[in-house]
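> Just a sequence and a predicted model for now, questions to come.
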Amino acid sequence: MVNNRSLVVSLAILLSFVPSASALAEKPAVDLAEGARLFEENCARCHGAGGAGDGRDASKMLPRPRVLTDGVYKFRTTASGTIPTDENLYKTISEGLPGSRMPNFDKLPEESRWQLVYYIKSLAPSVFTPDQKTEVLNMGRDPGEFKADMTKGKELYTQLGCNACHGAAGRADGPSAPTLVDQWNNPIRSADLTYGWNYRGGSEPRDIVTRLIAGIDGTPMPSYADAVKTEDAWNLAYYVHSLQVKSNWSRTLNAAAVDALPESADDPLWQRAERTDLRMASNYYVNGELVPARIIAVSAQALHDGKTVLLRLQWHDLNETKEGTPDALAVALMADARAKWAGGSLRGWPSTGSPELDLIYWAAGWPEAKETAGLSLAAPEKWNGSRPTSASYADGEWTLMIRRPLQPEFEKGVSLMKNGRVGIGFMAWEGSSNEQGRHRSNSSWIDLVLN
């Protein structure tokens, strides 16, 4: 929080310029003292009191909070290397940034959000100068979904090298993906274009074309303003939009009943199984710093034949890794679904007071998964229970099927009964990132129900 009154006054004078009378006609007058108060109350714990990205919660976040004193902003409608408009900053404050810890502040009064815009700009006075103008880029005309040339868009996706970072199918598994760093030398992953819910600047074609033309400053994502015509940028934007897979977030994984379980992951019977998507997150710290876990979502489906449940699990992984530290996934079962809240999050499991879980562990290259009940993930290759599996990897995605009898043959194993509910959750490790043990991605608990 700024306590120096003279600094506040001088910065108020600095920011009192008006780039356009019409642009600011409905904005409140600058009040940096009020902006400083709002910043301390809502923003400082992440961005730091002075905006240096060093707030007390910053180390717990990935990506790290923006260093506001640099004046570098990713999501703009202005040319690459130029400052954002006030409206760009207001939009980010109001809507937040999906896939990060930046929440939306749409519950704050509009005037308060504008005061935050003014104050944030004041933290980089050498960047936001009184004589500097902003010019919104010409994004061209939206052709609409039915007139966009998807064939041309797909061609451009390869010609412009989008696949080098984002991968052929858009799953962030391109050959350049492991080497990417941002302006602050932090490792950065290219966006997974199939996860529309995780697009930080918006996932509609207009949002995507804005990113293509403006670029994303501070990251390896360049501007293509000089590389393509705006009409082709729209074609590419619509193609990228077509890569998105609609998500189905749910607190329940329903196992549909079938006469015979399918033998393959592409059997038409899977169309009868509703897909449930789960977000994944890390809770692994080293020297007080949160270490990223790379798998951010798992999709689950389930079928049963009255004797066996068959799980079909899919997740995105940078590489297929079988040697050394392999790719891996674990299924956790809890007998009483109602106890999953008392049992705590999988992120901290196991810890003091954690319950024993029924665990099914699979690693890439294993011919079968292993199952046990206990308080540890150590030495899963020695677990007694064996579960048939079928696994394949293609274009940055694992597909894994696990068969598990409804009635376990070992003590403390979780029984699955028709119309009953058990708690189920998932843990995953990306081998190419050397993830193992507690360094993993974790889902929340949901209910597994046999219909």
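Yep, that arrived.
> quick one, domains of the chain?
For the chain, automatic domain parsing gives the domain ranges 5-122, 150-242, 252-450.
> To residue 143, which of those lies closest?
Among the domains of the chain, the nearest to residue 143 by C-beta to C-beta is domain 150-242 (5.5 Å). All C-beta spots, glycine's among them, are computed from the backbone N, C-alpha and C.
> pLDDT of the closest one, averaged?
Here domain 150-242 scores 96 as its mean pLDDT.
> Now the terminal residues of that domain, how far apart.
End-to-end distance for domain 150-242, by C-alpha to C-alpha, to the nearest Å: 9 Å.
> Please state the offset of that domain from the chain centre?
Domain 150-242 sits 15 Å away from the centroid of its parent chain (C-alpha atoms, centre = their mean, to the nearest Å).
> Now residue 55. Its backbone dihedrals?
With angles defined as degrees, to the nearest 10, residue 55 sits at phi -60, psi 170.
> Ok, residue 129 next?
When quoted as degrees, to the nearest 10, the phi and psi of residue 129 stand at phi -100, psi 160.
> For residue 258, see how far away it is.
As judged by C-beta to C-beta, to the nearest Å, residue 129 and residue 258 stand 67 Å apart.
> Who has more neighbours out of these two?
residue 258 (17 against 12; other C-beta atoms under 10 Å).
> Show me what the residue nearest to the more buried one when sequence neighbours are not counted bridges to in the sheet.
In space, not counting the residues next to it along the chain, residue 258 is nearest to residue 303; the distance is 5.2 Å by C-beta to C-beta, 6 or more residues apart in numbering. Beta bridges link residue 303 to residue 256, residue 310, judged by DSSP bridges.
> contacting residues for residue 303?
255-258, 261-262, 269-270, 272-273, 309-310, 312 (C-beta atoms under 8 Å, 6 or more residues apart in numbering).
> of those, closest to residue 47?
residue 312 (41.8 Å).
> ok, the residue positioned nearest the centre of the chain to residue 32 distance?
Compute the mean C-alpha point of the chain, and by C-alpha atoms, centre = their mean the closest residue is residue 99, 3.7 Å away. Distance of residue 99 to residue 32, given as C-beta to C-beta: 31 Å.
> Just to be sure, residue 399 is in a strand?
Yes. Counting by DSSP: H, G, I helix; E, B strand; the rest coil, residue 399 falls inside a strand.
> Look up which residues are beta-bridged to it.
Assigned bridge partners for residue 399, using DSSP bridges, are residue 314, residue 392.
> Now do the same for it: its pLDDT.
pLDDT, residue 399: 98.
> For it, give me its contacts.
By C-beta under 8 Å, 6+ apart, residue 399 lies in contact with 265, 312-314, 391-393.
> any chance you could map the helices in the stretch 301-450 of the chain?
Here the stretch 301-450 of the chain has its helices, by DSSP state H, counting those that start in this stretch, at 340-343.
> Could you list the low-confidence segments of it?
340-343 (pLDDT under 70).
> One more pass at 80, please.
Counting by pLDDT under 80, the stretch 301-450 of the chain shows low-confidence ranges at 336-344, 418-419.
> before we move on, back to that, list just the nearest of the contacts of residue 303 to residue 161.
Of all those, residue 312 has the smallest distance to residue 161: 33.4 Å, by C-beta to C-beta.
> Where do the helices of the stretch 101-250 of the chain begin and end?
Secondary structure of the stretch 101-250 of the chain (DSSP H, counting those that start in this stretch): helices at 110-122, 150-159, 162-166, 205-214, 230-242.
> Could you work out the most separated pair of the contacts of residue 399?
312 and 393 (14.5 Å).
> ok, back up a step: out of the helices of the stretch 101-250 of the chain, which gets nearest to residue 52?
With respect to residue 52, and counting by C-beta to C-beta, the nearest of those is helix 110-122 at 12.7 Å.
> what's the closest one packed up against?
With contacts defined as 3 or more C-beta pairs under 8 Å, 6 or more residues apart in numbering; DSSP states H and E, helix 110-122 has these neighbours: helix 32-42, helix 86-95.
> coming back round to it: now render the helices of the stretch 101-250 of the chain as a markdown table, adding distance to residue 43.
Shown next, in a markdown table, are the helices of the stretch 101-250 of the chain (distance: least, C-beta to C-beta, whole Å):
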| stretch | distance to residue 43 |
| --- | --- |
| helix 110-122 | 7 |
| helix 150-159 | 37 |
| helix 162-166 | 30 |
| helix 205-214 | 24 |
| helix 230-242 | 31 |
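> Kindly reformat these as JSON lines containing mean neighbour count.
Listed next are these as JSON lines, based on neighbours: other C-beta atoms under 10 Å:
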{"stretch": "helix 110-122", "mean neighbour count": "22"}
{"stretch": "helix 150-159", "mean neighbour count": "16"}
{"stretch": "helix 162-166", "mean neighbour count": "20"}
{"stretch": "helix 205-214", "mean neighbour count": "22"}
{"stretch": "helix 230-242", "mean neighbour count": "22"}
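> out of those, nearest to residue 372?
Smallest distance to residue 372 across those (C-beta to C-beta): 38.7 Å, for helix 162-166.
> what's around residue 323, how many residues?
Using other C-beta under 10 Å, residue 323 is surrounded by 8 other residues.
> again, but for residue 69
Using other C-beta under 10 Å, residue 69 has 17 neighbouring residues.
> ok but it is inside a helix, no?
Yes. According to three-state DSSP, residue 69 belongs to a helix.
> Contacts only, for it.
Neighbouring residues of residue 69 by C-beta under 8 Å, 6+ apart: 50-52, 123-124.
> confidence score at it?
97.
> What separation is there between it and residue 182?
Distance from residue 69 to residue 182, counting by C-beta to C-beta: 16 Å.
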